[in-house]
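Sequence first, then the predicted structure:
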Amino acid sequence: MRTVDALMFKGARTILDVCVSVKRGESVCIVTDHAKEPIARVLEAAAIERGAETVVLVMEPRERAGQEPPDAIAAAMKAADIVLLPVSRSITHTYAVKEAAAAGARLLVMTDFGEETLVRGGIEADFQESRPVCKRVASILAEGRSLRITSPGGTDLSVDITGRRGNALYCIVEPGEFSTVPTIEANVSPVEGSAKGRIVADASVPYLGIGLLDEPIIADVEAGLITSIRGGRQAKVLLDDLEGHGDPASFNVAEVGVGLNPKCRMIGIMLEDEGVLGSAHIGIGTSITLGGSVKAPCHYDLLMWNPRIEVDGVLVFDRDKVVL
C-alpha cells in the first residue's frame, strides 16, 4: 500500500463509519470512472474491512456535469443499500441518483475528489456537531415564502421559495437520502420563473476548468432565467458552455445554498468550495434532485463571498454567521 493510501484510509473510515454507517452484510455500490478509480479502491478496501458486500463499477468519465450514468450502473445503484460516487464530473443531479434514493439507498456524492480531499480540509469537520445547525437553516428555508440574497460583491437576487423543501446536507445519510461530502450546506430550489435580480460570483465556479475566479462573473436574472453573463475570460467559458447546450433550461436558477463547514477551503474543487463557511452559491440548470422540476443538460454553481440571506424579511445568514 502506498503511504498516501494509508493516509486516505482515515477519510475513508469517516465516510464508511460516520457518513453512511455501514453494517456488516450490507451492499455497497461504488460508482467511479477511470480518473477516480484510486479513490474508489481505497473506499472499497475500507468497506470490505467492515464486512460489506462491495462492488466497484467503473465507467467512462461523463462529458458534462449532470449527465446520466449508463443504465446498468443506474440499476445497480437502485439495488444497493449504500452508493458512493467518487466521479470526475457530477452525476448528483440525475434521475439515477433520484431513483436510487427513492428505492431507499443511502447515497454519498464525492465529485472530483482528490487524494488530499480524503486526508485534510472539509473531511476533518465534526459532521455530527454540524447537523443541528444545518437542519435548522434548512427548516427555515422550508417554512419560508420569499428569500433575498445579497453580497458585498454586488449580488442582489430575490426568489420565491413557497412550498419548497429545505435541503440539509451535512454528510450523514439515512435510507432514502443523499448528501455531498465534505461540503456542509443548506439549500433550497426556487419556484420556477420566480428568480429576479443579479448574481455576482467572486469566489469560484468549480466546473469547466474555471475554478477560483480571477475577476467577478456577473449574471442578470429575469423570470427565473439568466439573461446575460459578462466578465472576463472565465465568464466567457461559462457562457459558451451554457449556450452550447442549446437548451434554455441550462440558464434556470435552480438553487440557493449556503456553506456551513468551518474546515472547508476555497480551492477550486466543487465539494470543498461549496461548503466554505462565509460563502454561498447559486446553482443553475437542473433542479430535480433539490425539490424543483427542471431537468437541464447541466448543473453548475456560482460561488460568492460574504452573503447575507433574508427569509421573509428576517436575516438568517450574515457573512459567516448563522442568525437564528
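Yep, that arrived. All values derive from a computational prediction rather than experimental measurement.

Let me know the average pLDDT across the particular helix or strand that has Val256 in it.
Taking DSSP states H and E as the criterion, Val256 maps to strand 253-259. The average pLDDT for strand 253-259 rounds to 98.

mind checking the backbone torsions on the closest residue to Leu7 other than its chain neighbours?
In this structure, Leu7 finds its nearest non-sequential neighbour in Val119, 4.9 Å apart by C-beta to C-beta, 6 or more residues apart in numbering. Every residue, glycine included, has its C-beta placed from N, CA and C. When quoted as degrees, to the nearest 10, the phi and psi of Val119 stand at phi -110, psi -40.

just wondering, since we're on Val119, how far is it from Val311?
Distance from Val119 to Val311, counting by C-beta to C-beta, to the nearest Å: 36 Å.

Might you report the residue contacts of Ala76?
Neighbouring residues of Ala76 by C-beta atoms under 8 Å, 6 or more residues apart in numbering: Cys29, Val31, Val55, Leu57.

Can I take it that it is in a helix?
Yes: looking at Ala76 with DSSP: H, G, I helix; E, B strand; the rest coil, it is inside a helix.

i'd like the first residue to be 56 from this point on
Sure, I'll start numbering at 56, so the last one becomes Ala131.

Report pLDDT for it.
Confidence at Ala131, expressed as pLDDT, is 98.

circling back: the contacts of Ala131, buried ones only, as a PyMOL selection?
In PyMOL, this line selects whichever of these come out buried by 16 or more other C-beta atoms under 10 Å:
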select buried, resi 84+86+112
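
Mind picking the two most distant members of the contacts of Ala131?
Taking C-beta to C-beta as the measure, the contacts of Ala131 span a maximum distance of 9.5 Å, between Val86 and Val110.

How many residues are close by Ala278?
Per other C-beta atoms under 10 Å, the neighbour tally for Ala278 reads 11.

Might one say that it is in contact with Val246?
No: in this structure Ala278 lies outside contact range of Val246 using C-beta atoms under 8 Å: 11.3 Å.

give me every residue that touches the residue nearest to the spatial centre of the chain.
Central residue of the chain (C-alpha atoms, centre = their mean): Thr235, 5.4 Å from the mean position. Taking C-beta under 8 Å, 6+ apart, we find Thr235 in contact with Thr147, Leu163, Val164, Met165, Thr166, Leu224, Cys226, Leu326, Glu329, Gly330.

one step back: for Val174 and Val366, indicate the residue with more neighbours.
Using other C-beta under 10 Å as the criterion, Val174 and Val366 rank with Val366 on top: 22 against 15.

Next one: the more buried one from Ser194, what distance?
Taken as C-beta to C-beta, the span from Val366 to Ser194 is 11 Å.

Ok, Leu212 next?
Separation of Leu212 from Ser194 (C-beta to C-beta) stands at 22 Å.

Look at those two and report which has more neighbours.
For Leu212 versus Ser194, neighbours defined as other C-beta under 10 Å are more numerous around Leu212 (22 against 14).

The more buried one in helix, strand or coil?
Following three-state DSSP, Leu212 is assigned to strand.

How about it: what's its closest non-neighbour residue?
Spatial nearest neighbour of Leu212, excluding adjacent residues (C-beta to C-beta, 6+ apart): Gly252 at 4.0 Å.

Show me what that neighbour is bridged to.
Leu212, Val276 (DSSP bridges).

go on, Val138?
Going by DSSP bridges, Val138 is paired in beta bridges with Cys84, Leu162.

ok, it - how many residues close by?
Around Val138 there are 29 other residues, counting by other C-beta under 10 Å.

try the one 5 residues further on
Using other C-beta under 10 Å, the number of residues around Ser143 comes to 17.

which stretches of the stretch 156-305 of the chain form helices?
182-198, 288-299 (DSSP state H, counting those that start in this stretch).

What I need now is the ones you listed written out in CSV, including distance to His354 and mean pLDDT for each item.
As requested, the helices of the stretch 156-305 of the chain are exported to CSV (distance: least, C-beta to C-beta, whole Å; pLDDT from 0 to 100):
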stretch, distance to His354, mean pLDDT
helix 182-198, 19, 96
helix 288-299, 11, 98
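
among the ones you listed, which is nearest Asp126?
helix 288-299 (25.2 Å).

Which strands or helices does the closest one pack on?
Counting contacts by 3 or more C-beta pairs under 8 Å, 6 or more residues apart in numbering; DSSP states H and E, helix 288-299 is packed against strand 272-277, strand 280-285.

Could you check the ones you listed and tell me which one is nearest Glu118?
Nearest of the helices and strands packed on helix 288-299 to Glu118, taken as C-beta to C-beta: strand 280-285 at 21.5 Å.

mind listing the strands for the stretch 56-205 of the chain?
Applying DSSP state E, counting those that start in this stretch to the stretch 56-205 of the chain gives strands spanning 82-88, 108-114, 137-140, 161-164, 201-205.
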